[in-house]
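Structural data only, the sequence is not supplied:
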């Protein structure tokens, strides 16, 4: 199965800034695109293995949300 996604340059910059803001994260990001609304899509990125208060957690951020529709 082939999956493609177009990303805006500004979205890529925001993803990189998000990744760089966590010293303990690795160089891998999970990108999720939800376009089930039928109007637009929500783009979320997640980092796994981020240390917060001596716990490894997954942190996520919405890069594109409903405000841009």
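All right, it came through fine. Keep in mind it's a predicted model, so treat the numbers as computed, not measured.

all contacts plus neighbour counts: C-alpha atoms, from now on.
Will do.

so who does residue 36 touch?
Neighbouring residues of residue 36 by CA atoms under 8 Å, 6 or more residues apart in numbering: there are none.

Only the buried residues of stretch 49-68, if you could.
By neighbour count on 16 or more other CA atoms under 10 Å, the buried set for stretch 49-68 is 50, 59, 62, 63, 64.

For my notes, confirm residue 31 occurs in a strand.
Yes - assigned with DSSP: H, G, I helix; E, B strand; the rest coil, residue 31 falls within a strand.

mind checking pLDDT for the residue of the chain positioned farthest from its centre?
Distance to the chain centre peaks in the chain at residue 54, reaching 22.9 Å (criterion: CA atoms, centre = their mean). Here the pLDDT value assigned to residue 54 is 92.

all strands for this structure, in order.
Taking DSSP state E, the strands of the chain run over residues 30-34, 42-52, 55-64.

where in the chain is pLDDT low?
Along the chain, the parts satisfying pLDDT under 70 run over 25, 68-69.

try 50
Applying pLDDT under 50 to the chain flags no residue at all.

Spit out the contact partners of the most centrally placed residue in it.
Here the mean C-alpha position of the chain is nearest to the C-alpha of residue 45 (CA atoms, centre = their mean), at a distance of 1.3 Å. By CA under 8 Å, 6+ apart, the contact list for residue 45 reads 15, 29, 30, 31, 32, 60, 61, 62, 63.
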